[in-house]
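Novice: no FASTA, just this:
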């Protein structure tokens, strides 16, 4: 095989010399003489003219073409060379290659097999794996497949406008140049702010929802989709989210809980070790099964189990209350007991601010820890008292 690098640029500079080079290679016994558009700057009409001249000295059965995609014409140039007599195409799957890439063999296989009478050695069964092969290569390379790739892209047979979808439903040939299954792809109906009733009904068919086309809730769903698109949502690539929205509008999704209110607070402070830390506290009120819970305020750190709340009843509050009651609240404020070490606080310059000495900080933190434990103990005892009171009232029954 003789690769005639820079052949097309060389031909433009000196046609006679370029032709003599490939003639000498063929006469010397080269089975294939491959004409290379190394810089990728030659256009299809130039490729056709130059390959036609080359075929006068090298038979087409021994001519090949090698195109780069610097002008986005590698596939078109390869097809032009084949029409001019070349019988070998060099390219890569998905057009991989230096700079802008090489001729995309995936597109060339689809076009030569389905659009021309040339035999590429690929039957219909093998052709149906074209999409799978293309996406498998991208997966191995850990890159996202091109959605708008010819034949195999996710958007190659996607329909978004309501008029388009309505026409495709009647006759797919109106907006599809081939049957998607021939190359292993599928038709994709997109639901977006441009969607109409046809889009929604087509998506219903895909997800197995049987609904009357005249159902008024379909119009409500369309309006919801358009309103959400205006707010920034996008359903054209989120089929599962659309299905949940559709089933919820149609009343097929149970209401497991309802959110009444929530509050999130962040506290950024210096801790006892002098480190700047941020803690978050969330308060959520939900209604489950028609019963509203208490605030359920939780300050939970990683690995820490949630504390039982008053709404969980006496059965949950009693062990917690017993656990806190069994402890001993010891110590007092370090200023009163002289419990801190190192005397009165001294000034340490840390991170551009004054902070107390380590001994004082530890004593102060210990005091707050004990106060917090006392508050928690009182909280759980009060929770136990309320739970037991409700339990006694429930047993006593209503007053006459």
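Specialist: Arrived safely, thanks for sending. What you see is a predicted model, and the numbers here were worked out from it, not measured in a lab. Residues are numbered from 1 along each chain as shown.
Novice: tell me where the stretch 151-300 of the chain has helices.
Specialist: Here the stretch 151-300 of the chain has its helices, by DSSP state H, counting those that start in this stretch, at 162-170, 197-207, 216-231, 239-249.
Novice: so for the longest one, what gets flagged as buried?
Specialist: Same thing as helix 216-231. When burial is assessed from 16 or more other Cβ atoms under 10 Å, helix 216-231 yields the following buried residues: 218, 221-222, 225, 228-229. To be clear about C-beta, it is placed using only N, CA and C from the backbone, and glycine gets the same treatment.
Novice: which ones are touching the closest residue in space to residue 128 that isn't next to it in sequence?
Specialist: Nearest residue to residue 128, sequence neighbours excluded (Cβ to Cβ, 6 or more residues apart in numbering): residue 184, at 4.8 Å. Residue 184 sits next to 127-132, 152 when contact means Cβ atoms under 8 Å, 6 or more residues apart in numbering.
Novice: which of those residues fall in helices?
Specialist: Per DSSP state H, helices hold the following members of the contacts of residue 184: 127, 130-132.
Novice: list the buried ones in stretch 141-153?
Specialist: Neighbour-count burial for stretch 141-153 flags 145-146, 149-153 (criterion: 16+ other Cβ under 10 Å).
Novice: want to throw those into CSV with distance to residue 209?
Specialist: Formatted as CSV, the buried residues of stretch 141-153 follow (distance: Cβ to Cβ, whole Å):
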residue, distance to residue 209
145, 28
146, 31
149, 30
150, 32
151, 30
152, 28
153, 27
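Novice: of these, closest to residue 57?
Specialist: residue 150 (34.0 Å; Cβ to Cβ).
Novice: am I right that the closest one is in contact with residue 110?
Specialist: Yes. With contacts counted by Cβ atoms under 8 Å, residue 150 reaches residue 110, the gap being 6.9 Å.
Novice: which of the ones in helices among the contacts of residue 184 are buried?
Specialist: Among the ones in helices among the contacts of residue 184, those buried by neighbour count (16+ other Cβ under 10 Å) are 127, 130-131.
Novice: would CSV of the ones in helices among the contacts of residue 184 with distance to residue 208 be doable?
Specialist: CSV is the format used below for the ones in helices among the contacts of residue 184 (distance: Cβ to Cβ, whole Å):
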residue, distance to residue 208
127, 29
130, 28
131, 23
132, 24
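Novice: how about those residues, which pair is most distant?
Specialist: 127 and 132 (11.0 Å).
Novice: of the ones in helices among the contacts of residue 184, which is the nearest to residue 4?
Specialist: Taking Cβ to Cβ as the measure, residue 130 is the one of the ones in helices among the contacts of residue 184 closest to residue 4, at 30.1 Å.
Novice: how close does the closest one get to residue 270?
Specialist: 62 Å (Cβ to Cβ, to the nearest Å).
Novice: and residue 191, how many neighbours does it have?
Specialist: By other Cβ atoms under 10 Å, 27 other residues sit near residue 191.
Novice: that one contacts residue 200, correct?
Specialist: Yes. At 6.5 Å, residue 191 counts as touching residue 200 under the criterion of Cβ under 8 Å.
Novice: need the overlap of contacts for those two.
Specialist: Residues touching both residue 191 and residue 200 (Cβ under 8 Å, 6+ apart) are residue 225.
Novice: before we move on, back to that, what would the buried ones among the ones in helices among the contacts of residue 184 look like in CSV with pLDDT?
Specialist: Shown next, in CSV, are these (pLDDT from 0 to 100):
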residue, pLDDT
127, 96
130, 97
131, 96
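Novice: would you reformat the residues you listed as a markdown table and include distance to residue 211?
Specialist: A markdown table is the format used below for those (distance: Cβ to Cβ, whole Å):
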| residue | distance to residue 211 |
| --- | --- |
| 127 | 36 |
| 130 | 35 |
| 131 | 30 |
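Novice: quick check, nearest of those to residue 93?
Specialist: residue 130 (9.9 Å).
Novice: for the closest one, what are its contacts?
Specialist: 106, 109-110, 151-152, 183-184.
Novice: please report phi then psi for residue 67.
Specialist: Here is the backbone geometry of residue 67 (degrees, to the nearest 10): phi -120, psi 140.
Novice: correct me if wrong: it contacts residue 79.
Specialist: No. Contact between residue 67 and residue 79 fails when scored by Cβ under 8 Å: they sit 9.8 Å apart.
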